[in-house]
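1. For reference, the sequence and a predicted model appear below.
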Amino acid sequence: MTVKKCLFPVAGLGTRFLPVTKEIAKEMLPLVNRPIISYGVEEALASGCEDIVMITGRTKRSIENYFDRSFELEDILRKRGKLELYYKMIHISEMAEILYIRQREPLGLGHAVLCGETVCKDDYFGVILPDDVFIDDVPVLSQLISVHERLGGSVVALEHVKPKDISRYGIAAGDETEPGIFRLTDMVEKPKIQDAPSEYAIMGRYVLSPKIFPLLHTQQAGAGGEIQLTDAIRELMKTEPVWGVVYKGRRFDCGTQKGWLRANIQLALEDDELRDVVLEIVNGNK
Ligand code: UTP
C-alpha cells in the first residue's frame, strides 16, 4: 500500500518567468542557496519514495546536470582542499535514483503525467509539482501517503484559498469525513468564481492510482487547450475514492515572480547568516 515512486512534471514552459526561462529551467532558479527542484526531491525522499521520475523538456538539461556527478568540479574542489564543498557535491549526485523522460511537446500537466506511464503503471505513485515549495515538519507528500495507506485510493493536497484566487487553481469539493479530509465528488480546473464548487484549491502534491493512465489516454484538451490532470482525476472519482487533504505546513508559490521573491526573502529572514542583509536593505541601511 505504500508509495515508492514519485513523478516530477517539469516540462512546462515557465512563461511567467520569461525571458529568464527562455533558456533556463524555472526549477533551477535559486531559493536562497539551492535550486527550487531540490526542495521537492528532498520532500519525496523524506516521504519514503525511492525512485524519482522527472518528465522534462528541451530547456531542462540543467536539472539532469545538477543531479549528476561533475568530475571536473569535484576534482578541483578536492585538490584545493575544499572538502566540505566536495562532499556536498557528491551528496547531491547520490541522493536519489532519478530517471528522466522527455515530454516532446508541452501539452499540459495531464499529458506530462501520462509520459510517466511506462514507469508508474503498476502501483500508486506520488506527484510533486516543484513550483509549490512546502516547508513543514511533516513533509506534505508523506501526509498524503499516510491517508492513502489508511483509506486507500488517490489523494490530493488542498488549501483553502481566497475567492479572488479561485480562478488560478483546480478547485475540489466533497464531503468532509473527518477533520481536514474530504471524500471528493467534484473537481474543476481554473473555474470562474461563480462556477467554483468550493474554496478548496488543489496544490502541487498528489498520490495517484495507476488507473489514471487509461483516463489520461482518452482525455480531450480542456482549460487552456491543455490535457488537464484535473479532468482525469474527476473521471477517476467515479470508480475509486479520491481524497482531499488539507495539508499542514507553509507553502511558497515559486511559479510566479512575486511568489518566488517572497519565498526568497522569507527564507533568507529565517537564515542566521542572511537575515541581517535583508533587514539592512529593508531598513534602508547600507
Ligand atoms: P504550470 O501551470 O505552472 O505551467 O505547470 P508552467 O509551464 O510550468 O509555467 P507557466 O504557467 O507557463 O509560467 C504546472 C506543472 O506542470 C508541469 C510544469 O513544469 C509544472 O511543474 N507541466 C506543465 C509539464 O510538465 N508539462 C506541460 O505540458 C505543462
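-> Received the coordinates, thanks. Numbering: from 1, shown residues only.
2. how many neighbours does Leu267 have?
-> Neighbour count of Leu267, defined by other C-beta atoms under 10 Å: 18. The C-beta positions use only the backbone N, C-alpha and C, and glycine is treated the same way.
3. let me redo that: Arg69
-> Residues near Arg69, counting by other C-beta under 10 Å, number 13.
4. where along this protein do the strands fall?
-> Taking DSSP state E as the criterion, the chain carries its strands at 5-9, 30-31, 34-35, 51-56, 97-102, 125-128, 132-135, 154-160, 170-178, 181-189, 200-208, 242-246, 250-253.
5. Now do the third one, average pLDDT.
-> Which is strand 34-35. Computed over strand 34-35, the mean pLDDT rounds to 94.
6. and it, how far out from the chain's middle?
-> When distances are taken as C-alpha atoms, centre = their mean, to the nearest Å, strand 34-35 is centred 14 Å away from the chain's centroid.
7. what's it in contact with?
-> With contact meaning C-beta atoms under 8 Å, 6 or more residues apart in numbering, strand 34-35 is reached by 27-29, 66.
8. Just the residues you listed: which are in helices?
-> Per DSSP state H, helices hold the following members of these: Tyr66.
9. before we move on, the earlier item: nearest approach to the ligand belongs to which of the strands of the chain?
-> Distance to the ligand, taken as C-beta to the nearest ligand atom, is lowest for strand 5-9 among the strands of the chain, at 3.4 Å.
10. Output that closest one as PDB, restricted to C-alpha atoms.
-> These are the backbone C-alpha positions of strand 5-9, laid out as PDB (Å, rounded to 0.1, in the frame of the first residue of the first chain):
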ATOM      1  CA  LYS A   5       7.800   6.300  -6.900                       C
ATOM      2  CA  CYS A   6       7.400  10.000  -7.300                       C
ATOM      3  CA  LEU A   7       6.800  11.800 -10.600                       C
ATOM      4  CA  PHE A   8       8.100  15.400 -11.200                       C
ATOM      5  CA  PRO A   9       6.400  17.000 -14.200                       C
END
